[in-house]
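Asker: Would you be able to build a 3D model of this:
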Amino acid sequence: MASNIVTVNSRKYDGSLHRTWNCELVKNNGEYIELIGRFEETIVHADLGTIGAGTSSHEIYWFNEYYSIFIFTRPNGELRNYYCNINKPATFDNGIVEYIDLDIDVLVDPDLSYRVLDVHEFEENSARFGYEPEILSEVEKALKKIELMISRREFPFNKGHQRG
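Answerer: Here you go, the predicted structure:
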């Protein structure tokens, strides 16, 4: 139904639109919002490699946390990987989720091994846009929290996490 379609806007620190896409609203509990998106075409991503058409993206955006987490599943339902964005807390208003991307990402494999990506881009944009000390502190805290969530197998890294 059209009323369940949400637009996601990823913005850079200066407010400029970086990426936009549509998803289906699954859950909004006031703490976070869950969406499902689908790749309609195969794309090649610098860090994720080839993402096949039909891949699903279960996206979780927190309203009071400096991260969002994407759970990618192949068309057959098999977990492909997790992709964690470090970003300012998301907002949701009038069918639009927006967040400010703070460049650093964490790529998590199905076995929960992980690596931090785009540190150089973060450092460049931190200087370019003048990230405040509070932002730098929040980025560090978010990375530590994601690492802890992974090691403890906490939501959404708990085995058997399914849509909805």
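
Asker: ok, longest helix in the protein?
Answerer: Longest among the helix segments of the chain by residue count, using DSSP state H, is helix 133-152.

Asker: Go through it and flag the buried ones.
Answerer: Taking 16 or more other C-beta atoms under 10 Å as the basis for neighbour counts, the residues of helix 133-152 that come out buried are 135, 138, 139, 142, 143, 146, 149, 150. For glycine as for every other residue, the C-beta is placed from the backbone atoms N, C-alpha and C.

Asker: Show me the strands in the protein, by range?
Answerer: Across the chain, reading from the start of the chain, the strands by DSSP state E fall at 5-11, 17-28, 32-38, 43-45, 49-51, 56-62, 67-73, 79-87, 91-93, 96-108, 114-117.

Asker: Does residue 7 touch residue 17 like I think?
Answerer: No - counting by C-beta atoms under 8 Å, residue 7 sits too far from residue 17 to count as a contact (11.0 Å).

Asker: And these two? Which one has more around it.
Answerer: More neighbours sit around residue 7 than around the other of residue 7 and residue 17, counting by other C-beta atoms under 10 Å; the figures are 13 against 10.

Asker: And the more buried one, what's its pLDDT?
Answerer: Residue 7 carries a pLDDT value of 97.

Asker: can you check the one 3 residues further on too?
Answerer: According to the prediction, residue 10 has pLDDT 97.

Asker: That one and residue 61 touch, don't they?
Answerer: No - here residue 10 does not reach residue 61: they are 10.5 Å apart, not a contact under C-beta under 8 Å.

Asker: shared neighbours, these two?
Answerer: When C-beta atoms under 8 Å, 6 or more residues apart in numbering defines a contact, the residues bordering residue 10 and residue 61 alike are residue 99.
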